[in-house]
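Student: Model the following, please.
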Amino acid sequence: MSQQVLIVEDDGRIAELIVRNLEAAGYTCHHSADGGRALADFVRLKPALVVLDLGLAGVDGLEVTRRIRKESDVPILIVTARSSESDKVLGFEVGADDYITKPFSTAELIARVRALLRRSTGAVREQTLTLAGLTIDPARRTVDRNGTPVPLTTLEFDLLYFLASRPGRVFSREALLEHVWGSGRVVDDRSIDSLVSRVRRKVEPDPAKPRYVETVWGAGYRFSEPGAP
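Tutor: Numbering: from 1, shown residues only. Presented below is the predicted three-dimensional model:
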């Protein structure tokens with residue numbers, strides 16, 4: 001059975017282009033023309049991925065992302081005509097996993113969708129990590145803290161797993177952008193800071209005093225096992 005993708009786009013021509021190309025690539029698509037309908041369709045369809053235009057009238061794309069994130073960790077690819085970094089940062093802050101800017105090529109769109117679905121389904125086989133009360137399972141894409149499940153988005157999981165699999169090693173923001181988002185992505189440093197903040201809010205007992213994901217001032221971030229030197 002093909003994976004279902006929910007397309008949320010109020011421009012009929014763009015929506016048709018996205019649906020046609022994703023269906024040609026083997027996905028089942030459903031189109032919602034506004035944010036309110038998209039939220040209802042999301043609950044009904046339970047799609048594997050959402051492609052979401054930020055510039056919706058009424059309930060805009062940021063609010064749709066925010067509401068979906070309260071219920072689900074499904075990958076969200078935001079589509080925007082806005083080129084400013086602040087719009088992309090806002091999208092990441094409310095829980096988007098990746099973005100694509102209009103005008104975009106169909107090849108890039110399909111590549112982004114495939115990458116997000118591959119990562120969210122744990123297609124890359126890596127070892128389960130158990131570190132200082134955290135259990136991070138890349139096959140199931142799950143995180144437990146002291147036996148309690150911690151829901152993470154695709155991007156949040158990728159950042160945490162990358163750092164936790166290299167404990168003690170410091171990574172600059174530029175290195176994290178390369179490893180988490182992939183080469184060729186133009187993402188502001190603030191996007192990494194926002195993503196780290198989201199991860200801390202979910203995995204840290206006290207996000208204001210992080211035990212796991214530490215800031216190394218002037219250098220970047222590292223995963224530190226509590227109690228380690």
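Student: What segments of this structure are helices?
Tutor: Along the chain, counting by DSSP state H, helices occupy 12-24, 35-45, 61-71, 85-93, 106-120, 154-164, 173-176, 189-203.
Student: Out of those, which is closest to residue 147?
Tutor: With C-beta to C-beta, the closest approach to residue 147 among the helices of the chain belongs to helix 189-203: 13.7 Å. Using the backbone N, CA and C atoms, a C-beta is placed for each residue, glycine as well.
Student: quick check: domain ranges of the chain?
Tutor: Using the TED database, the domains assigned to the chain come out as 4-120, 129-223.
Student: Report the distance from the longest one to the chain centre.
Tutor: So the one you mean is domain 4-120. Offset of domain 4-120 from its chain centre (C-alpha atoms, centre = their mean, to the nearest Å): 11 Å.
Student: State the mean pLDDT of that domain.
Tutor: Across domain 4-120, pLDDT averages out at 89.
Student: could the domains of the chain go into JSON lines alongside mean neighbour count?
Tutor: Shown next, in JSON lines, are those (neighbours: other C-beta atoms under 10 Å):
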{"stretch": "domain 4-120", "mean neighbour count": "18"}
{"stretch": "domain 129-223", "mean neighbour count": "17"}
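Student: List just the one of the helices of the chain that sits closest to residue 6.
Tutor: helix 35-45 (6.0 Å).
Student: other SSEs contacting that closest one?
Tutor: strand 4-8, strand 28-32, strand 49-53, helix 61-71 (3 or more C-beta pairs under 8 Å, 6 or more residues apart in numbering; DSSP states H and E).
Student: Return that helix as CSV; C-alpha atoms alone will do.
Tutor: C-alpha atoms of helix 35-45 as CSV (Å, rounded to 0.1, in the frame of the first residue of the first chain):
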residue,chain,number,x,y,z
GLY,A,35,-6.2,25.2,7.1
GLY,A,36,-9.5,24.3,8.8
ARG,A,37,-10.3,21.6,6.3
ALA,A,38,-6.7,20.3,6.5
LEU,A,39,-7.0,19.8,10.3
ALA,A,40,-10.2,17.8,9.9
ASP,A,41,-8.7,15.8,7.0
PHE,A,42,-5.5,15.1,9.0
VAL,A,43,-7.5,13.5,11.9
ARG,A,44,-9.6,11.5,9.4
LEU,A,45,-6.8,10.3,7.1
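Student: just the angle between it and strand 49-53, please?
Tutor: Per axes from the mean of the first three to the mean of the last three C-alpha atoms, to 10 degrees, the angle that helix 35-45 makes with strand 49-53 is 180 degrees.
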